[in-house]
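Novice: Structure for this input, please:
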Amino acid sequence: MQDLLLMRHAKSDWHSGARADFGRPLNERGLRNASDMARWMRSALPRPDVILCSPAERTRQTVVRVCAEWGLEADRIVWESRIYEAPPGELLTVLGETDTAARTVLMVGHNPGTELLIRELTGAEVPVDEGGKAVPTGTVAHIRFDPPDAPLVRGSGQLLRVMRPRQLPG
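Specialist: Numbering: from 1, shown residues only. Next comes the predicted model:
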């Protein structure tokens with residue numbers, strides 16, 4: 001893999017009435033932000049060959065918007081239960097099992113795993129936003145590996161960009 005796109009699900013609805021965290025959907029802002037981020041991703045990032053996504057409701061709703069914007073078929077999505085509430089070591093295991101022919105992988109998941117994985121792979125601290133958060137909901141990080149077949153170990157990737165919904169133009 002040459003490029004890894006890590007996306008945290010968009011803003012969820014804590015008052016949805018979902019019986020469990022796993023079933024919590026996006027709120028109205030989250031639905032808008034997911035679509036807005038998907039449009040930005042299509043214009044600024046490499047198109048994913050493989051999409052790995054937590055099957056939690058809020059990640060499902062997020063990735064569906066990303067796929068719709070990019071015109072990607074749903075069969076590219078690998079619903080991976082190990083992403084839900086996973087620490088970085090488990091996320092690395094999932095990534096290590098990904099098709100080696102994939103040049104660009106998109107992983108849609110949760111925090112703190114997403115933020116910790118960015119740190120693990122790049123050795124870099126993600127700068128915090130004006131709200132004091134490094135990876136708020138809807139954030140996308142772009143990591144590049146050079147050479148593309150570099151092992152997924154601490155510091156093997158270069159953090160090219162972090163984009164948050166509040167940073168989008170308009």
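Novice: from what I can see residue 27 touches residue 9, true?
Specialist: No. Counting by Cβ atoms under 8 Å, residue 9 is not a contact partner of residue 27; they are 11.4 Å apart. Backbone N, C-alpha and C define where each C-beta goes, glycine included.
Novice: Of the two, which one has the most company?
Specialist: residue 9 (28 against 18; other Cβ atoms under 10 Å).
Novice: wait, what's in contact with that one?
Specialist: Listed by Cβ atoms under 8 Å, 6 or more residues apart in numbering, the contact partners of residue 9 are 26, 30, 34, 54, 56, 58-59, 61-62, 108-110, 137-138.
Novice: please redo it, this time with the cut-off set to 10 Å
Specialist: Applying Cβ atoms under 10 Å, 6 or more residues apart in numbering to residue 9 gives the contacts 24, 26, 30, 33-34, 53-54, 56-63, 108-111, 114, 137-139.
Novice: helices or strands next to the helix or strand where residue 95 lies in the packing?
Specialist: Residue 95 is part of helix 88-96, with elements assigned from DSSP states H and E. If you count contacts as 3 or more Cβ pairs under 10 Å, 6 or more residues apart in numbering; DSSP states H and E, helix 88-96 packs onto strand 3-8, strand 50-53, strand 104-109, helix 113-122.
Novice: which helices and strands does the longest one pack with?
Specialist: Which is helix 113-122. strand 3-8, helix 88-96, strand 104-109, strand 140-145, strand 157-163.
Novice: same check, this time on the second one
Specialist: Using 3+ Cβ pairs under 10 Å, 6+ apart as the contact test, the elements touching strand 50-53 are strand 3-8, helix 57-70, strand 77-79, helix 88-96, strand 104-109.
Novice: Nearest to residue 147, out of the ones you listed?
Specialist: strand 3-8 (12.7 Å; Cβ to Cβ).
Novice: Compute the inter-axis angle for whichever helix in the chain runs longest and strand 3-8.
Specialist: Ranked by number of residues, the top helix in the chain under DSSP state H is helix 28-44. Here the directions of helix 28-44 and strand 3-8 differ by 170 degrees (axes from the mean of the first three to the mean of the last three Cα atoms, to 10 degrees).
Novice: any idea how far helix 28-44 is from the chain center?
Specialist: Offset of helix 28-44 from its chain centre (Cα atoms, centre = their mean, to the nearest Å): 12 Å.
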